[in-house]
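Q: take a look and give me a structure for this.
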Amino acid sequence: MRVSINAIKEMKGKKEKIVMLTSYDYSTAKLVDEAGIPLILVGDSLGMVILGYDSTIPVTMDVMIHHTKAVVRGTKQAMVIGDMPFMTYQISTEETLRNAARFMQEGGAQAVKLEGGVTVADTVKRIIDCGIPVMGHIGLTPQSVHQFGGHKVQGKTPEAAERLLQDARALEQAGAFAVVLELVPAPLSKLITQKIGIPTIGIGAGPDCDGQVQVISDLLGLFSDFVPKHAKQYAKLAGSIKTALASYIEEVKAGKFPTAENSSTMDENLLEELARA
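A: Numbering: from 1, shown residues only. As a prediction, the model looks like this:
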């Protein structure tokens, strides 16, 4: 059985920290799932760390479904959440529901995530009314990065802080089972976490959220373009990969790879017949 939204909600009541991580492919998702991480987000952050764009905005539904399928195939227990990309839930209710349904029917996800608070609360409710669990996302919402003027901490003024609290409450009232707080001051994240009954999942939002989410490419040190302030590199795999590639190049050029151990044999009599032909 996969992790359910009820199990995630109960973790807040038990004060049990929730761990969430992104994944974008079968092999990585399999490792994350086997590690026991309960929530896997197929984030539109793949636009930057997998596809090389400078933002999440170019990511399409077809791309997200492609990667979600791979992640689902690699998992057995984690809840897989599909990240609804830019302008896939703003144009019309019909299109929004169609796109959310694609994550479930085609992608095999168990929930979707979308950005925004008060402005998308009605949309969130419509999706949930159709039987699709929704995770919210407020604070720095990457799909609106141009409107924010860059990746900046949100909620630092009294007015902005009040708006974020209202956004969180609106998502809870709409039926969201959890909400991501991104680049929100730690004291404000703590207050929001105390004020709402659904779990908060922080990224750059301090230690007092009910859980934490990170981009796996940051956590493993695979994405070397830059390291966000909120990220911690638990490994530096980019350096290890470069070392392995250098060894491979050296052994191929020196004739040390492949060896007999890496090769297959055949019937010597057949080989002799071929040689005489």
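Q: give the buried residues for stretch 27-38.
A: For stretch 27-38, burial by neighbour count (16 or more other C-beta atoms under 10 Å) applies to 28-30, 32-33, 37-38. For glycine as for every other residue, the C-beta is placed from the backbone atoms N, C-alpha and C.
Q: now the strands for the stretch 151-277 of the chain?
A: 178-182, 200-203, 211-214 (DSSP state E, counting those that start in this stretch).
Q: closest to residue 240 out of these?
A: Residue 240 lies closest, by C-beta to C-beta, to one member of the strands of the stretch 151-277 of the chain: strand 211-214, at 19.1 Å.
Q: for this structure, which helix or strand comes out least confident on mean pLDDT?
A: Sorting the helices and strands of the chain by mean pLDDT, DSSP states H and E puts helix 145-148 at the bottom, at a mean of 68.
Q: which stretches in the stretch 1-150 of the chain count as helices?
A: Under the criterion DSSP state H, counting those that start in this stretch, the stretch 1-150 of the chain carries helices at the ranges 5-13, 26-34, 46-49, 61-73, 93-105, 121-129, 145-148.
Q: again but with the stretch 151-277 of the chain, I slipped
A: Along the stretch 151-277 of the chain, counting by DSSP H, counting those that start in this stretch, helices occupy 158-174, 186-195, 216-219, 237-253, 268-276.
Q: pick out the shakiest of those, pLDDT-wise.
A: Note on those: lowest mean pLDDT is at helix 268-276, with a mean of 91.
Q: where does the chain have low pLDDT?
A: 146, 148-151 (pLDDT under 70).
Q: show me the domain layout of it.
A: 5-235, 240-276 (automatic domain parsing).
Q: possible to save the buried residues of stretch 27-38 as TSV with distance to residue 125?
A: Formatted as TSV, the buried residues of stretch 27-38 follow (distance: C-beta to C-beta, whole Å):
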residue	distance to residue 125
28	33
29	30
30	34
32	30
33	30
37	29
38	25
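Q: and of those, the nearest to residue 68?
A: Taking C-beta to C-beta as the measure, residue 68 lies nearest residue 29 of the buried residues of stretch 27-38, at 9.9 Å.
Q: setting aside sequence neighbours, what's the nearest residue to that closest one?
A: Spatial nearest neighbour of residue 29, chain neighbours left out: residue 74 (3.6 Å); criterion: C-beta to C-beta, 6 or more residues apart in numbering.
Q: next, format the helices of the stretch 1-150 of the chain as a markdown table and append distance to residue 166.
A: As requested, these are arranged in a markdown table below (distance: least, C-beta to C-beta, whole Å):
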| stretch | distance to residue 166 |
| --- | --- |
| helix 5-13 | 20 |
| helix 26-34 | 34 |
| helix 46-49 | 29 |
| helix 61-73 | 29 |
| helix 93-105 | 22 |
| helix 121-129 | 10 |
| helix 145-148 | 18 |
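Q: wait, which of those is closest to residue 192?
A: helix 5-13 (12.5 Å).
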